[in-house]
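just coords:
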């Protein structure tokens, strides 16, 4: 997993907040996110590979079993608005997307079913466009 150093710092602070800790008491996905972050290769934003999901990345996600596509932008909780496709990093899907590559498969439980999703493509990645402080 690759993380840009600015995302790493901001996410570390976010996961230490009372809000995230209150969620974390009941949410295994946040513990997995923290574990993945501890093992991540942390890079300067300008060295981030172009096919990695970072914060504020807009991506197409395919539900493999249903052949349905969704477009999301991975955002911090205060910007989340699922109606606009802005997916919180603190959601189970958002936490599992961070650091994934185009083509990666993600298995998770959504509502009452297990599903398999694939990162189909990235239409916007801030680092790729030289935007390093979103």
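Nice, I can see it. Bear in mind the structure is a predicted one, so any value in this text is a computation, not a measurement.

Which residue ranges of this structure form strands?
2-4, 41-43, 58-63, 68-75, 86-88, 105-110, 113-124 (DSSP state E).

Please work out which of those strands is packed deepest.
strand 2-4 (a mean of 22; mean count of other Cβ atoms under 10 Å). Any C-beta I mention is one placed from the backbone N, CA and C, and that applies to glycine too.

other SSEs contacting that strand?
Strand 2-4 is packed against strand 41-43, with contacts defined by 3 or more Cβ pairs under 8 Å, 6 or more residues apart in numbering; DSSP states H and E.

neighbouring contacts of the strand it packs on?
1, 2, 3, 4, 5, 8 (Cβ atoms under 8 Å, 6 or more residues apart in numbering).

Report the separation between the nearest residue to residue 5 once chain neighbours are set aside and residue 80.
Leaving aside its sequence neighbours, residue 5 sits nearest to residue 42 (Cβ to Cβ, 6 or more residues apart in numbering; 5.1 Å). For residue 42, the distance to residue 80 equals 24 Å [Cβ to Cβ, to the nearest Å].

Show the pLDDT at the residue most central in space within the chain.
Closest to where the C-alpha atoms of the chain average out (Cα atoms, centre = their mean) is residue 98, at 2.9 Å. Residue 98 is assigned 96 on the pLDDT scale.

what do you get for residue 132?
pLDDT, read off for residue 132, is 65.

List the residues that contact the residue nearest to the centre of the chain.
1, 3, 7, 11, 33, 36, 53, 54, 55, 74, 89.

Who wins on neighbours among those?
Counting by other Cβ atoms under 10 Å, residue 7 has the largest number of neighbours within the contacts of residue 98, with 27 neighbours.

ok, it - contacts?
54, 55, 98.

Tell me the spacing between the second one and residue 112.
Taking Cβ to Cβ as the criterion, residue 55 is separated from residue 112 by 29 Å.

and if you look at residue 60?
Distance from residue 60 to residue 112, by Cβ to Cβ: 25 Å.

and the contacts of strand 41-43, which two are the farthest apart?
Greatest spacing in those, by Cβ to Cβ: 1 and 5 (13.5 Å).

Chain neighbours aside, what residue packs nearest to residue 69?
Per Cβ to Cβ, 6+ apart, closest to residue 69 is residue 62, 5.2 Å.
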